[in-house]
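Undergrad: Structure of the sequence below:
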Amino acid sequence: MGKRGPAGKPTALRVLHGDRKDRINQTEPTPPETEIVPPEWLSPDARAAWDRLAPTLIQRGVLTAWDLDAFVVLCEALGRYKTATKLVNGSALLVPAGSGLGPNPALRVQADAERIFLTYAARFGLTPSDRQALKTETGGDAHTNGGADRLLS
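TA: This next block holds a predicted model:
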């Protein structure tokens, strides 16, 4: 069973909100500030999603080196969703199956990709309801202009 209750508040937000010192993780690990590049094996549709989304997420400090694999899953799910949607739009919703008609298998692929995308998109604040809970630097690179280090000093 997973953790219960609401997701934990990031340390930087705890500091901003003035949480008690004993509730602030002073030894929270931080990812290294390394260049974040897409893996060469990304599918073309996933690479298009990467190119569209990654630059601003990196700039805001939302996408870090430790988040790379999760972001790749998000991009690949978006690519699969696009491919499945093209298949669904180009054919019937019901196709011959067994002794009659059944749902187009591309609908299942589309629904699975949508579910995966929305799950991971929430982690990166890519939906309006999830984005409202994030607080980030608005100008420049969040790693050099602020973050928990700046707030805790």
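
Undergrad: With adjacent residues omitted, what lies nearest to residue 28?
TA: Among residues not flanking residue 28 along the chain, residue 11 sits closest, at 4.9 Å (Cβ to Cβ, 6 or more residues apart in numbering). C-betas here are computed from N, CA, C, even on glycine.

Undergrad: Tell me where this protein is predicted with low confidence.
TA: Applying pLDDT under 70 to the chain picks out residues 1-3, 7-10, 12-13, 133-153.

Undergrad: same thing but at 90, please
TA: Low-confidence segments of the chain, defined by pLDDT under 90, are located at 1-33, 59-62, 97-99, 122-153.

Undergrad: If we go by neighbour counts, what in the longest helix seen in the chain is buried?
TA: Ranked by number of residues, the top helix in the chain under DSSP state H is helix 68-89. Of the residues in helix 68-89, those buried under the neighbour-count criterion (16 or more other Cβ atoms under 10 Å) are 68, 71-85, 88.

Undergrad: do stretch 102-120 as well
TA: By neighbour count with 16+ other Cβ under 10 Å, stretch 102-120 contains the buried residues 104, 106, 107, 109, 110, 113, 114, 116, 117, 120.

Undergrad: again, but for stretch 15-31
TA: Going by neighbour count (16+ other Cβ under 10 Å), the buried part of stretch 15-31 is 15, 24.

Undergrad: Please compute how far it lies from its chain's middle.
TA: Here the centre of mass of C-alpha atoms in stretch 15-31, compared against the chain's by Cα atoms, centre = their mean, to the nearest Å, lies 23 Å away.

Undergrad: cool, and stretch 56-70?
TA: Distance, stretch centre to chain centre, for stretch 56-70: 9 Å (Cα atoms, centre = their mean).

Undergrad: What about the nearest residue to residue 122 once chain neighbours are set aside, how many residues nearby?
TA: Beyond its immediate neighbours in the sequence, the residue positioned closest to residue 122 (Cβ to Cβ, 6+ apart) is residue 130, lying 4.4 Å away. Applying the criterion other Cβ atoms under 10 Å, we find 14 residues in the vicinity of residue 130.

Undergrad: Alright, calling it a day.
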